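K.L.:
Give the three-dimensional model of this entry:
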Amino acid sequence: VLKLAGVLPETVYCAEDLEHVKSPFVFATFPSVEVAHFVCERCVLVTRVYHLWGTGRTDEELHREIQHLDDRVTGPCFSAESSWSIQVDAFGKRLNMGEQEKLRKKLAFIPFEGPVKLKKPDNQFWYIEEYNPQGVPCNQADTRNPIRKFFLLEIAHGRSDLVVKYSLKSRKFLGPTSMDTEFAFIMANCALARPGSFIFDPFVGTGSLLIAAKVFGAVCLGTDIDIRMLHAKRFRKTNDLFSNYEQYGLEPPCTVRADMSQRGNCLRQVAMFDGIIADPPYGVRAGARKCGSKDAEVKKIPEHRLHDHIPQTQPYHGTEVMLDLLNFSAKYLVLGGRLVYFLPVEKDIYTVADVPNHDCLSLISNCEDPLASAFARRLITMEKVAEPVDSESSIAYYSDGREHGTLEPSLRQKIELKGIMERDAKRPKT
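P.N.:
Next comes the predicted model:
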């Protein structure tokens, strides 16, 4: 998001501070209030951006910092024309109304001259206490002292409302693999979706990922191997993916029945996409398929059956899917374009070797999203840094040498196998 704002991330925050984050607060230095507002307008995980007026472990330390603030900072907020309000909150502990009022009274020394306004004041202040998130047992009194205390002026608030507005709970057309709304917006941000950008989803399904890209103003194209998903109404369904866009007043994306395999790709081979966002099939709720038939000879479909014909497909191995996705991205992304996708992994044996590579794509980020006790998926973001030299040498690869057709079990098979082993372990020995 900072890149979209034209700001270098290292000038705003220190990356080392984010390596082992346990606090909900991140200290950042924005070049302007406008940049802070821009970040909040895009981010669903940012609650608010505050101007730090004071912090400390004790009341005395906090009050001292507030009292030593520059008049150029406090002056506009203390004027008789400026309304104000103080909200009290805590992280790691719930404060009742009595505790909140007691904490407000400790701030009575601040020389506000304007009127108090609880709804939409000119200046919204926050007093927040941070506690150890481990908490205390439910049958014990909470006597903990806060780790830190903050007095903050709210600058802007994030877009958690987008998660509510586009929630899957109220969406007209859903499938078993519809992407969670929050993740869809995160992926759209990682792909730098913006007005006028061209975003592509090769596994479009019900269109969940492209809805987020559309909200940010992108032009979208999606492909899917399942014609029943792209044209659900033709197969006696009440709604289809276009119904979702009508529901939200968004222009629907262009959709094509295709896949990324050599046989199934029907797109003209030219770099055109600013971003590719994808949630490839893991083989848990839906297995991957590609164009083709297991039959040696395929019969021609009669004209009168073409309108509801479901083309044949064949299995698409998970390793092949991932490598084809990178090869496709290296060809079709513009320089600086981004590929954002989920990679299923097994936690205990996961290594960086499980992430496929391509010489034309540079890894930007690799984050874990736990699925179950033993499995997870990694959110991978890559950026195109070079054009492929030729189709023979510029191909995707795994650093451990695995290739197309490697006989790895799918994630579904791994989960089923783990369940069988756990059941066998619980059975009494005879």
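K.L.:
what pLDDT, on average, does stretch 217-226 get?
P.N.:
For stretch 217-226, the mean pLDDT works out to 94.
K.L.:
residues of it that come out buried?
P.N.:
By neighbour count on 16 or more other C-beta atoms under 10 Å, the buried set for stretch 217-226 is Ala218, Val219, Cys220, Leu221, Gly222, Thr223, Asp224, Ile225, Asp226. Every residue, glycine included, has its C-beta placed from N, CA and C.
K.L.:
for the last one, what are its contacts?
P.N.:
This points to Asp226. Gly205, Arg289 (C-beta atoms under 8 Å, 6 or more residues apart in numbering).
K.L.:
quick one: it from Leu306, how far?
P.N.:
Per C-beta to C-beta, to the nearest Å, Asp226 is found 17 Å from Leu306.
K.L.:
What values do phi and psi take at the nearest residue to Pro133 once chain neighbours are set aside?
P.N.:
Leaving out its chain neighbours, the residue that sits closest to Pro133 by C-beta to C-beta, 6 or more residues apart in numbering is Gly92, at 4.6 Å. Dihedral pair for Gly92: phi 90, psi 0, per degrees, to the nearest 10.
K.L.:
wait, Gly92 sits on Val136?
P.N.:
No: with contact defined as C-beta atoms under 8 Å, Gly92 does not reach Val136; the gap is 10.2 Å.
K.L.:
Settle it for me: which of the two has more neighbours?
P.N.:
Gly92 (17 against 13; other C-beta atoms under 10 Å).
K.L.:
Can you classify the residue nearest the centre of the chain as helix, strand or coil?
P.N.:
Taking C-alpha atoms, centre = their mean, the centroid of the chain lies closest to Ile186, which sits 2.5 Å from it. The three-state assignment at Ile186 reads helix, by DSSP: H, G, I helix; E, B strand; the rest coil.
K.L.:
Quick one: residues contacting it.
P.N.:
Val44, Leu45, Leu379.
K.L.:
If we only consider these, which is nearest to Pro356?
P.N.:
Leu379 (14.5 Å; C-beta to C-beta).
K.L.:
before we move on, which element is the residue found closest to that closest one once you drop the neighbours it is linked to in the chain in?
P.N.:
Nearest non-adjacent residue to Leu379, counting by C-beta to C-beta, 6+ apart: Cys367, 4.7 Å away. Per DSSP states H and E: Cys367 is located in strand 361-370.
K.L.:
Just checking: what are the partner strands of the following helix or strand past that strand?
P.N.:
Scanning forward in sequence from strand 361-370 by DSSP H and E, the next helix or strand is strand 375-384. Taking DSSP bridges as the criterion, strand 375-384 sits next to strand 333-346 (antiparallel), strand 361-370 (antiparallel) in its sheet.
K.L.:
ok now the shortest one, how far from the chain's centre?
P.N.:
Think strand 361-370. 11 Å (C-alpha atoms, centre = their mean, to the nearest Å).
K.L.:
Quick one: distance of whichever strand or helix holds Ile276 to the chain centre.
P.N.:
Using DSSP H and E, the element containing Ile276 is strand 273-278. The chain centroid and the centroid of strand 273-278 are separated by 14 Å under C-alpha atoms, centre = their mean.
K.L.:
buried ones in that strand?
P.N.:
Phe273, Asp274, Gly275, Ile276, Ile277, Ala278.
K.L.:
same thing with stretch 234-249?
P.N.:
So stretch 234-249, judged by 16+ other C-beta under 10 Å, has buried residues Asn239, Asp240, Leu241, Phe242, Ser243, Asn244, Tyr245.
K.L.:
now do stretch 7-17
P.N.:
Val7, Val12.
K.L.:
before we move on, what about stretch 276-293?
P.N.:
Buried residues in stretch 276-293 (16+ other C-beta under 10 Å): 276-284, 286, 288-292.
K.L.:
Quickly check those for the two that are furthest apart.
P.N.:
The widest separation within the buried residues of stretch 276-293 (C-beta to C-beta) is 25.4 Å, between Ile277 and Gly292.
K.L.:
In contact with Ile155, which residues?
P.N.:
Val33, Ala36, His37, Arg48, Val49, Tyr50, His51.
K.L.:
Could you do Val46 as well?
P.N.:
Val39, Cys40, Gly158.
K.L.:
out of everything not next to it in sequence, what's closest to the first one?
P.N.:
Going back to what we said before, that points to Val39. That would be Val1: by C-beta to C-beta, 6+ apart, it lies 5.3 Å from Val39.
K.L.:
I'd say the one you found and Cys43 touch.
P.N.:
Yes: between Val1 and Cys43 there is a contact under C-beta under 8 Å: 6.0 Å.
K.L.:
hang on, Asn139 is in a strand, isn't it?
P.N.:
No: Asn139: not assigned to a strand; according to three-state DSSP it is coil.
K.L.:
Please report how far it lies from Gly92.
P.N.:
18 Å.
K.L.:
What of Ile349?
P.N.:
34 Å.
K.L.:
before we move on, back to that, what do Val1 and Cys43 both touch?
P.N.:
Asn189.
K.L.:
What backbone torsions are found at Val7?
P.N.:
Dihedral angles (degrees, to the nearest 10) for Val7: phi -120, psi 140.
K.L.:
For it, give me its contacts.
P.N.:
Phe30, Pro31, Val35.
K.L.:
Could you pull up the residues touching the nearest residue to Ser208 once chain neighbours are set aside?
P.N.:
Leaving aside its sequence neighbours, Ser208 sits nearest to Met179 (C-beta to C-beta, 6+ apart; 4.0 Å). Taking C-beta under 8 Å, 6+ apart as the contact definition, Met179 lies against Met187, Ser208, Leu209, Asp279.
K.L.:
Lys106 now?
P.N.:
Lys106 sits in contact with Asp59, where contact means C-beta under 8 Å, 6+ apart.
K.L.:
Okay then, goodbye and thanks.
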